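Novice: Sequence and predicted structure, then a few things I'm wondering about:
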Amino acid sequence: MAQLKPKKIPMRMCVSCREKKPKKELIRVVRSPEGEVSLDPTGRKNGRGAYLCANPECFKKAGKTHALDRALEVRLDESVLDGLARQLQDLAESGR
């Protein structure tokens, strides 16, 4: 009888803390082709993506060090970062 291969778990790196984790544990931030930056809880939106830990400290660090700016190849101002922080908090409260 043939042995089944174990299912490969896709790994991604947090742009802030640089830790590799399973893709499902990270939150994707995406810059759409139109230039809009938003969270992508499904991981399927079109555009350039970057992954962050669900930890609010990682998000703050990514904003301070401009890690998200570099990963998304766009300059994010404070209002966009505040909006992303609110979306992240809403996701955390809804239980993702």
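Specialist: Alright, I've got the coordinates.
Novice: Just the mean pLDDT for the longest helix anywhere in the chain, thanks.
Specialist: Assignment by DSSP state H gives helix 78-94 as the longest helix of the chain. Mean pLDDT, computed over helix 78-94, is 88.
Novice: Stretch 46-65 now?
Specialist: Stretch 46-65 shows a mean pLDDT of 92.
Novice: can you give me the end-to-end distance of that stretch?
Specialist: 25 Å (Cα to Cα, to the nearest Å).
Novice: which residues touch it?
Specialist: 12-17, 19, 21, 23, 25-33, 40, 43, 67-68, 71-73, 76, 81, 84-85, 88-89, 91-92, 96 (Cβ atoms under 8 Å, 6 or more residues apart in numbering). No exception for glycine: its C-beta is placed from N, CA and C like everyone else's.
Novice: Checking my notes, residue 27 in a helix, right?
Specialist: No - counting by DSSP: H, G, I helix; E, B strand; the rest coil, one finds residue 27 to be strand, located in no helix.
Novice: Would you mind measuring from it to residue 39?
Specialist: Going from residue 27 to residue 39 by Cβ to Cβ, to the nearest Å gives 6 Å.
Novice: likewise residue 75?
Specialist: 18 Å.
Novice: leaving aside the residues next to it on the chain, what's closest to residue 33?
Specialist: In space, and not counting its chain neighbours, residue 33 is closest to residue 47: 5.8 Å by Cβ to Cβ, 6 or more residues apart in numbering.
Novice: rewinding a little: what's the overlap in contacts for residue 27 and residue 39?
Specialist: Shared contacts of residue 27 and residue 39 (Cβ under 8 Å, 6+ apart): 88, 91.
Novice: more crowded one of those two?
Specialist: residue 27 (23 against 20; other Cβ atoms under 10 Å).
Novice: how about that one, what does it touch?
Specialist: Here residue 27 is in contact with 39-41, 51-54, 88, 91, 96 (criterion: Cβ under 8 Å, 6+ apart).
Novice: Which of the residues you listed fall in helices?
Specialist: 88, 91.
Novice: In the contacts of residue 27, which residue is surrounded by the most others?
Specialist: Among the contacts of residue 27, residue 52 has the most neighbours (other Cβ under 10 Å), with 25 neighbours.
Novice: Okay then, goodbye and thanks.
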